[in-house]
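>>> Attaching a predicted model along with its sequence, questions to come.
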Amino acid sequence: MKMEESIMSPIRDACAVSARRWFSGVVFAALLGLSPLGSGVAGAQEVKQIKLGERQIQGFIASQDDMAKLYEGTNPDNSDPKVEAAAAAAVKKNGFSSLAEYDEVAMNISMIMSGIDPQTRKFTEPPEQIKKDIATLKADKSVPEAQKKEDLAQLDMALKDAKPIQFKENIALVLKYFDKLQRLMQERGPSD
């Protein structure tokens, strides 16, 4: 994996796309710390942090097969009303009141997953993770200077918007389901 693919903040990437479309490869790339959207990604939109419940995480996990099938091969920038309606039905079947609730849950799970070291299971807050990404990028001699400058500018923007996790109990809850969530990432990983 090239450094420029791995260095971009998964928080920024995760916030840049709709969560329900992630399963065409983007969510798992973001959660794994890749930059599937390339270097032209706009700054992160603010994510509404919510207190997660077990039901929401279980529903999120249960929704993945349906969501992956629905969005596989679709253009994430082009919403098809039939696909959106089917997605709404799929998430409602798994306990969500709407796609908006599902998206909020997915974004909150993503924020936490992107901060968990898979080996140590230690969580790093988003601002600290971005600072580590900046330091790693600055030290990497293999990244062309033009790309490095562009990536550093994006990381600096992301750092300005990054906020610590508001509901600390969400970290423990996501860690409880970490193995299942990580398995989903591996099964649905980027298709490149």
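Received the coordinates, thanks.

>>> Tell me where the model's unsure across the protein.
1-46, 75-78, 188-192 (pLDDT under 70).

>>> Which residue ranges of the protein form helices?
For the chain, the helices defined by DSSP state H cover 3-7, 10-16, 26-31, 54-71, 81-93, 99-113, 126-139, 145-161, 169-176, 178-187.

>>> The ones you listed into a markdown table, with extra columns for distance to residue 119 and mean neighbour count?
The C-beta positions use only the backbone N, C-alpha and C, and glycine is treated the same way. Putting the helices of the chain into a markdown table (distance: least, CB to CB, whole Å; neighbours: other CB atoms under 10 Å) gives the following:
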| stretch | distance to residue 119 | mean neighbour count |
| --- | --- | --- |
| helix 3-7 | 16 | 18 |
| helix 10-16 | 16 | 25 |
| helix 26-31 | 15 | 26 |
| helix 54-71 | 22 | 18 |
| helix 81-93 | 32 | 15 |
| helix 99-113 | 14 | 22 |
| helix 126-139 | 15 | 17 |
| helix 145-161 | 23 | 16 |
| helix 169-176 | 13 | 16 |
| helix 178-187 | 11 | 14 |
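
>>> I'd like the ones you listed written out as CSV, with distance to residue 47 added.
Shown next, in CSV, are the helices of the chain (distance: least, CB to CB, whole Å):
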stretch, distance to residue 47
helix 3-7, 21
helix 10-16, 5
helix 26-31, 12
helix 54-71, 15
helix 81-93, 18
helix 99-113, 5
helix 126-139, 10
helix 145-161, 9
helix 169-176, 12
helix 178-187, 17
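
>>> quick one, which of these is nearest to residue 48?
Closest to residue 48 of these, according to CB to CB: helix 99-113, at 5.9 Å.
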